[in-house]
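Chemist: Next input, structure requested:
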Amino acid sequence: MKRSDFFRKESRYTNDPAELERKYQRLLKEQEQQQIYEALNRQAMAAAAQGLAGGGGNFSTANPLGSGTIVFNGLDPTTIGSYVAATNTDIHTWLLGAETTGFTVEWFQYFQPDPPNTGAYPRVFSVGPNTTPLIGVSLEVNDVYVWPGPATSGSWAAPHEGRWAHVAIVWDPIVGDISLYLDGVREGNSAKATWDLDNSGGEDFYIGSDGIQTFTGYAGNITNFRWVNDVLQMTDLLTYPVPTTPLTAVPGTKLLLLGGSVANPVFDASGTQTLTYLNVNWSPDTPFI
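Modeler: I've put the predicted structure just below:
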């Protein structure tokens, strides 16, 4: 509905411009959500018609995005290493939006106990290079490092080697800190009152390495990698609800990376990003029973 038509209709109930604007923005958000749900349903029907399956579960309207995971080889990303990259211009827009809304990044990972890239500093994801990221997460021995810029905000013990683990990072601009949750428990938090996510320098969003440095390759499986421009944890800041079913695109979702199929191992269920990938494979392994 056009803005002028909406205001003319709703002015029968209130003449407060601020209230009219709030109602109009709420209508736009509802329409956007409906479009997302309809798109997911169309994808589910198309996948079901092709008979795609993974991880022991068929694509369906209940789980239109399948299961399974994306496998990264942990090698040099500048040569034969693997990564997934979101490189379109929308990244600049949605990262800037996160400065005011806050954000939640979560994923499931299975980190190989003996990765081939020995002694390296593998990046689960990074926006920008290892030395000066806008934001990134690295796994170093048994620790997780969160990088909100060129300086790390903390190092927390990570029970990630040789088993599935759920990781969530939440930045709440109201609380003024960034928290790291491992398997639902907050392992630590660091003060972070503001965030400058200016991506005008052209940095890309890489998963599985930073795409540039030779020592940043991640070895293992990643799935259900979701970035949401919202603070999703419950009122209890010490815990984060660990999902027991595959993630879906909730309002504010900017990227939802899932395993697709053998032929197409990478799938963005948010439908908002243009992805490129190199040397990644699909696996039927899944963190969900």
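
Chemist: Assign residue 91 to helix, strand or coil.
Modeler: When classified by DSSP: H, G, I helix; E, B strand; the rest coil, residue 91 comes out as helix.

Chemist: Roughly how far does it sit from residue 282?
Modeler: As for residue 91, its distance to residue 282 is 24 Å (criterion: Cβ to Cβ, to the nearest Å). Every C-beta, even on glycine, is put in place using the N, C-alpha and C of the backbone.

Chemist: for residue 135, same thing?
Modeler: Residue 135 sits 27 Å away from residue 282, going by Cβ to Cβ.

Chemist: all helices for the stretch 1-150 of the chain, in order.
Modeler: 3-10, 17-50, 90-101 (DSSP state H, counting those that start in this stretch).

Chemist: looking at those, which one has the lowest mean pLDDT?
Modeler: Among those, helix 17-50 carries the lowest mean pLDDT, a mean of 57.

Chemist: tell me the domain ranges of the protein?
Modeler: Domain assignment for the chain by automatic domain parsing gives 3-49, 66-283.

Chemist: out of those, deepest packed?
Modeler: Greatest average neighbour count among these goes to domain 66-283 (a mean of 19), per mean count of other Cβ atoms under 10 Å.

Chemist: Quick one: distance of that domain to the chain centre.
Modeler: 6 Å (Cα atoms, centre = their mean, to the nearest Å).

Chemist: Low-confidence regions, the stretch 51-200 of the chain specifically.
Modeler: 51-67, 88-90, 113-120, 141-142, 149-161, 198-200 (pLDDT under 70).

Chemist: Okay, strands next: where are they in it?
Modeler: Assigned strands in the stretch 51-200 of the chain, in chain order: 53-54, 57-58, 69-73, 83-86, 103-111, 123-127, 135-140, 143-147, 154-157, 164-172, 177-182, 185-191 (criterion: DSSP state E, counting those that start in this stretch).

Chemist: Let's have the ones you listed in a markdown table, adding distance to residue 222.
Modeler: As requested, these are arranged in a markdown table below (distance: least, Cβ to Cβ, whole Å):
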| stretch | distance to residue 222 |
| --- | --- |
| strand 53-54 | 15 |
| strand 57-58 | 18 |
| strand 69-73 | 6 |
| strand 83-86 | 9 |
| strand 103-111 | 5 |
| strand 123-127 | 7 |
| strand 135-140 | 11 |
| strand 143-147 | 14 |
| strand 154-157 | 19 |
| strand 164-172 | 10 |
| strand 177-182 | 15 |
| strand 185-191 | 19 |
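
Chemist: can you tell which of those is closest to residue 219?
Modeler: Judged by Cβ to Cβ, the one of the strands of the stretch 51-200 of the chain that comes nearest to residue 219 is strand 69-73, at 6.2 Å.

Chemist: Show me what that closest one is packed against.
Modeler: strand 219-228, strand 253-259, strand 281-283 (3 or more Cβ pairs under 8 Å, 6 or more residues apart in numbering; DSSP states H and E).
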